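Visitor: 3D, please:
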Amino acid sequence: MRELTIEDVKAAVRGGAVFASGGGGWVDHGLEIGGAAVGIGKPKLVSVDELPDDAIIVTCTAIGAPAGNEWEMWGVDYIKAVQLLMDRYDGKVVGVMTPQNGMSSTINGWLPAAALGLVVVDATGDIRAHPTGKMGSMGLAALTDYETIQVVVGGRRDNGSYLELVVKGTPAKTSNILRTASDMSGGFIASARHPIPASYVKKHAAIGGISLALELGKAMIAAEADGPESIMTTVCDKTKGRIIGRGKVLCKDVHYSGAFDIGTITMEDGNGGTLILHVMNEYMAVDNGEGQRLTTYPDVITTFDCSTGLPISVGGVKEGIEISLFAIDKQYIPLSSSVKDPTVYPEVEKALGIELSKYAFDGMIL
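Guide: Residues are numbered from 1 along each chain as shown. Alright, predicted model coming up:
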């Protein structure tokens, strides 16, 4: 157990941006919410092994499309979402965790933990960011005999879009309700969900996911003085990742639909060809110009702005800029039960019009 500091906030945002895979929130939002967390209290990061098996852990997140611009989430929304869940749960909640890493999502839960006297658990529902709640639910999405509680809080106050919603039911059905609520609130909303015992987290989560982001972030910050190329080289060295293409963005065809950003980005590959990046909030797959699949979720797939050496989100990518395309093969990252659950893939495959699962499960230890 250790106390999280403002330096950890900066590292979480920087390293989390790599695992964000083009989504995972926003740098400014992460710094703001993380700064508030360490400003109002002393949130503590704990290994799940430090907790008894029956300690209840809640997942904290934000739901929506990162490129949206009509949303409004305040720090108190994150806190209230957890409080509403705790009020409706017949038991004591001990800690919080995040379903994914990201520019701000690595810090999901830090503010409610500081405000409500909870601990931050060093585990993630998925090491990288993903478009649907089911992909970060640690295998709960496939369970029909588990009744969960899911809460969302947030929205624009100035136009009447603010709402609070508490739902109970199976994870699969309630996740779809929350996505609709996010869309109605403006495109992004704070959430708390899935009170589960530590014993389940120990077995099904990506253990140590927060520490991985912190360690990578600290290395990236140390490399910044040596320039953009040093940062990208450091990321490759620390993660066993690789650059699979570099060049100008030729076309961006990504559109908001139902609280998702869906479409494709086409870029030069650096060798006279092209790469097609398939987007559903995050980068889910990459094909070359001949239609050959190069990398697929749950691989980490990230774009870097070559002018800064820093990760750039789908929303930040513009036609004409030079980017590097980076990937970490799934064999080098901890995999949760979520990414091994075949039921979480069909809706994403349908939205994108491509196959994912046959590539995702290739070589995966189930």
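
Visitor: mind listing the strands for the stretch 151-300 of the chain?
Guide: Using DSSP state E, counting those that start in this stretch, the strands of the stretch 151-300 of the chain run over 163-169, 188-197, 206-207, 242-257, 260-268, 274-280, 282-288, 293-296, 300-305.

Visitor: dump these into JSON lines; add mean pLDDT, mean neighbour count and distance to Gly133 as well.
Guide: The C-beta positions use only the backbone N, C-alpha and C, and glycine is treated the same way. Shown next, in JSON lines, are these (pLDDT from 0 to 100; neighbours: other C-beta atoms under 10 Å; distance: least, C-beta to C-beta, whole Å):
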{"stretch": "strand 163-169", "mean pLDDT": "96", "mean neighbour count": "15", "distance to Gly133": "12"}
{"stretch": "strand 188-197", "mean pLDDT": "95", "mean neighbour count": "26", "distance to Gly133": "7"}
{"stretch": "strand 206-207", "mean pLDDT": "98", "mean neighbour count": "24", "distance to Gly133": "16"}
{"stretch": "strand 242-257", "mean pLDDT": "95", "mean neighbour count": "16", "distance to Gly133": "17"}
{"stretch": "strand 260-268", "mean pLDDT": "96", "mean neighbour count": "21", "distance to Gly133": "12"}
{"stretch": "strand 274-280", "mean pLDDT": "98", "mean neighbour count": "24", "distance to Gly133": "13"}
{"stretch": "strand 282-288", "mean pLDDT": "98", "mean neighbour count": "24", "distance to Gly133": "13"}
{"stretch": "strand 293-296", "mean pLDDT": "98", "mean neighbour count": "20", "distance to Gly133": "20"}
{"stretch": "strand 300-305", "mean pLDDT": "98", "mean neighbour count": "24", "distance to Gly133": "19"}
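
Visitor: distance to Pro228 added to these, as TSV?
Guide: What follows is the strands of the stretch 151-300 of the chain, written out as TSV (distance: least, C-beta to C-beta, whole Å):
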stretch	distance to Pro228
strand 163-169	42
strand 188-197	29
strand 206-207	29
strand 242-257	12
strand 260-268	17
strand 274-280	20
strand 282-288	20
strand 293-296	22
strand 300-305	8
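
Visitor: lowest-pLDDT helix or strand in the chain?
Guide: helix 171-185 (a mean of 88; mean pLDDT, DSSP states H and E).

Visitor: how about that helix: buried residues?
Guide: In terms of neighbour count (16 or more other C-beta atoms under 10 Å), helix 171-185 has its buried residues at 171-172, 174-175, 178-179, 181-183, 185.

Visitor: gap between that helix and the chain center?
Guide: 17 Å (C-alpha atoms, centre = their mean, to the nearest Å).

Visitor: what's the pLDDT at Ile63?
Guide: We have a pLDDT of 88 for Ile63.

Visitor: separation between it and Asn271?
Guide: Distance, Ile63 to Asn271, by C-beta to C-beta, to the nearest Å: 39 Å.

Visitor: with that, I have no additional questions.
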